[in-house]
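Peer 1: Structure for the following, please:
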Amino acid sequence: MTRYEPAIDLDAIDAIDMHVHIEVDGHGHASLPDDLADAASTYFATDGPRPDLDSIATYYRERRMAAVVFTVDAETQLGHAPLSSAEIAEGAVRNSDVLVPFGSVDPRRADAVDRARRLIEDSGVRGFKFHPTVQGFDPSEERYYSLYAAIQDAGAVALFHTGQTGIGAGMRGGRGFRLALSNPMLLDGVAADFPDLQIVMAHPSVPWQEEALSVATHKHNTWIDLSGWSPKYFPDSLVRAANSYLKRRVLFGSDFPLLTPDRWRRDVETTALKSEIMPGILKDNAARLLGIGR
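Peer 2: As a prediction, this is how the structure comes out:
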């Protein structure tokens, strides 16, 4: 197995999308059970294709963008085998000019720490994606601290879904998922106890936007990505923060394939985000976080 090393030429791209899902692998296996995938498509009003990793690389290369790619391992909660993070990393090796692989481990597994270390050491993943609501875990609980310690020791990034989710929306009982597990305030203690762990709070954290801004203001090892919502729906408080005191820790993200970078970049033109801070949001902040171009 070849270990991933980024080969991204920052001068050749104008954006880094921090939030891109790999939803199907080369074997035709999907990241979500069919009922959840169908409900998510309904929630996001899309029935578009679910491209494989190499197709995603081509898509971003054509747009002069790079992308952070990942899946979500929620096998304990869903009873559904996840996509292989090691295979995603292998695909990123083939496309190292535009892709950055993040891993995912089910934090409820007894061997989660070992799995994370193998993905770091053998595959070269640059971070990990967590979805507390879908994975069914409270990220503030100390039982997960050994996992965070391994990620921090490796200098990798921890990216957490925060806020509302379309996964399970409209299903009976929301498919049993608990939204409160994705309250960004649950990450405040993690950021305090792991001050060298770079934590990304993904998405406008509706209905907890003020909590996310509070954590990001107080804990400078936290970041916010702007994925999952069209920019025209961004809360005013988030736009004000991105324009000023958080401008160096706000990141472009789409949530592809459910929301495309094309739509995000078109819709952002309708917002009050200042043109002078957009290069940082679109590329420079992510490059600094990921250690690209140093």
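Peer 1: burial of residue 286, as a residue count?
Peer 2: Neighbourhood size, residue 286 [other C-beta atoms under 10 Å]: 26. (Glycine included, C-beta is placed from N, CA and C.)
Peer 1: hang on, it packs against residue 18?
Peer 2: Yes. Counting by C-beta atoms under 8 Å, residue 286 does reach residue 18; the two are 5.5 Å apart.
Peer 1: so what's in contact with these two at the same time?
Peer 2: Jointly contacting residue 286 and residue 18 under the rule C-beta atoms under 8 Å, 6 or more residues apart in numbering are 68, 251-252.
Peer 1: Among those, name the ones in strands.
Peer 2: In strands, judged by DSSP state E, the following of the shared contacts of residue 286 and residue 18 are found: 68, 251.
Peer 1: which among the shared contacts of residue 286 and residue 18 gets closest to residue 102?
Peer 2: Set against residue 102, the nearest of these by C-beta to C-beta is residue 68 (5.8 Å).
Peer 1: Contact partners for that closest one?
Peer 2: 16-20, 99-102, 126-127, 159, 253, 286, 290.
Peer 1: which of the residues in the strand or helix carrying residue 152 are buried?
Peer 2: Per DSSP states H and E, residue 152 falls inside helix 145-154. Within helix 145-154, the residues that qualify as buried are 147-148, 150-152, 154, counting by 16 or more other C-beta atoms under 10 Å.
Peer 1: Relative to the helix or strand just after it, what are the paired strands and their orientations?
Peer 2: Downstream of helix 145-154, the next assigned helix or strand under DSSP H and E is strand 157-161. If you go by DSSP bridges, strand 157-161 pairs up with strand 127-130 (parallel), strand 198-202 (parallel).
Peer 1: quick one, helices of the stretch 101-250 of the chain?
Peer 2: In the stretch 101-250 of the chain, the segments counted as helices under DSSP state H, counting those that start in this stretch are 112-118, 132-135, 145-154, 188-193, 209-218, 236-243.
Peer 1: Tell me which residues are up against the fifth one.
Peer 2: Right, helix 209-218. Contact partners of helix 209-218, identified using C-beta under 8 Å, 6+ apart, comprise 162-163, 183-185, 187-188, 191, 201, 205, 222-224, 235, 237-238, 241, 245-246, 249.
Peer 1: Measure how far that helix is from the centre of its chain, please.
Peer 2: Put simply, helix 209-218 sits 18 Å off its chain's centre (C-alpha atoms, centre = their mean, to the nearest Å).
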